[in-house]
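[1] Quick one, what's the 3D model for this:
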Amino acid sequence: MKNLGIGLVLTFLTLNSFAQGSAATMQSSHESIFTKKQKIDQEGIELYGTNWDMKSVKKLGLGVTIGGATGLLGLNGEVNLDPSEALVVGLGAGPSYGTFGLGWKHNFEGNYLSPYTKLGYSKWFSSASGSGSASDSDVLKRLFSDAELKSNRFDADFIIGGGGIEYNQLEGDLAGVNFFGEVIVMSEIRKFTFIPTGAVGITYYY
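    Got it, this is the predicted structure:
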């Protein structure tokens with residue numbers, strides 16, 4: 001009888017552990033991709049040791065870029081495949097043109113300040129509803145004549161490469177906020193023209 005009682009207790013504990021594990025798995029599987037990820041210390045404060053530590057928890061980033069490969073103003077998205085490597089996507093626009101970009105970002109480990117490098121592709125194209133004011137773009141003026149820009153019929157394909165530095169907020173309510181500045185070289189594929197430019201922006205990792 002004693003052995004039977006012990007067996008029942010062990011069976012109950014095993015089933016209870018399995019049920020708890022299944023519930024946790026179901027909860028995890030139904031968790032939205034947009035759910036904010038956090039690492040909380042013993043004092044209840046969101047805290048990360050390095051940028052790699054933060055990006056190992058916060059896999060997705062969304063932000064805004066001014067200048068650079070996305071044009072005058074762009075929206076940038078980032079997927080941290082691991083703490084050091086990320087896939088980046090950008091959509092942007094300027095007077096009479098739009099842009100699209102896809103690239104790879106390598107993050108070097110650091111604390112509040114950390115460097116990174118980028119390599120990717122960017123396409124600039126005329127906007128169908130444009131007013132011919134694309135000649136205001138320093139990048140496009142290096143590639144096309146005033147007549148081509150005013151006719152609003154142009155497109156360019158760039159290979160981009162460069163690097164930058166970012167400030168990472170690693171603790172507190174604003175953990176995940178990231179400010180960055182970068183310098184890149186845009187190489188137009190067909191005209192073999194090299195155009196240096198730069199960008200600044202903000203990304204929020206969640």
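[2] what pLDDT does the closest residue to residue 153 other than its chain neighbours get?
    In space, and not counting its chain neighbours, residue 153 is closest to residue 126: 5.8 Å by CB to CB, 6 or more residues apart in numbering. Every C-beta, even on glycine, is put in place using the N, C-alpha and C of the backbone. We have a pLDDT of 91 for residue 126.
[3] I'd guessed residue 126 sits against residue 152; true?
    Yes: proximity of residue 126 to residue 152 meets the contact threshold set by CB atoms under 8 Å, at 4.9 Å.
[4] who has more neighbours, the two?
    Comparing residue 126 with residue 152 by neighbour count (other CB atoms under 10 Å), the higher total belongs to residue 126, at 21 against 17.
[5] Tell me what that one is bridged to.
    residue 97 (DSSP bridges).
[6] For the residue nearest the centre of the chain, list the residues it contacts.
    The residue lying closest to the centre of the chain (CA atoms, centre = their mean) is residue 78, at 1.9 Å. Contact analysis of residue 78 by CB atoms under 8 Å, 6 or more residues apart in numbering lists 60, 61, 62, 63, 86, 87, 88, 89, 105, 203, 205.
[7] returning to what we had before: could you name every residue contacting both of residue 126 and residue 152?
    What both residue 126 and residue 152 touch, as defined by CB under 8 Å, 6+ apart, is the set 96, 134.
[8] just to revisit the earlier point, let's have the contacts of residue 78 in JSON lines, adding neighbour count and secondary structure.
    Listed next are these as JSON lines, based on neighbours: other CB atoms under 10 Å; DSSP: H, G, I helix; E, B strand; the rest coil:
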{"residue": "60", "neighbour count": "20", "secondary structure": "strand"}
{"residue": "61", "neighbour count": "20", "secondary structure": "strand"}
{"residue": "62", "neighbour count": "14", "secondary structure": "strand"}
{"residue": "63", "neighbour count": "19", "secondary structure": "strand"}
{"residue": "86", "neighbour count": "22", "secondary structure": "strand"}
{"residue": "87", "neighbour count": "14", "secondary structure": "strand"}
{"residue": "88", "neighbour count": "19", "secondary structure": "strand"}
{"residue": "89", "neighbour count": "15", "secondary structure": "strand"}
{"residue": "105", "neighbour count": "21", "secondary structure": "strand"}
{"residue": "203", "neighbour count": "21", "secondary structure": "strand"}
{"residue": "205", "neighbour count": "23", "secondary structure": "strand"}
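[9] Make a markdown table out of the residues you listed and add pLDDT and distance to residue 167.
    Formatted as a markdown table, these follow (pLDDT from 0 to 100; distance: CB to CB, whole Å):
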| residue | pLDDT | distance to residue 167 |
| --- | --- | --- |
| 60 | 97 | 19 |
| 61 | 97 | 14 |
| 62 | 98 | 17 |
| 63 | 98 | 13 |
| 86 | 98 | 17 |
| 87 | 98 | 22 |
| 88 | 98 | 18 |
| 89 | 98 | 22 |
| 105 | 99 | 16 |
| 203 | 98 | 11 |
| 205 | 96 | 13 |
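[10] returning to what we had before: quick one: contacts for the residue nearest to residue 153?
    96, 97, 134, 152, 153, 154, 155.
[11] among those, which ones are buried?
    Those of these that meet the buried threshold are 96, 97, 134, 152, 154, by 16 or more other CB atoms under 10 Å.
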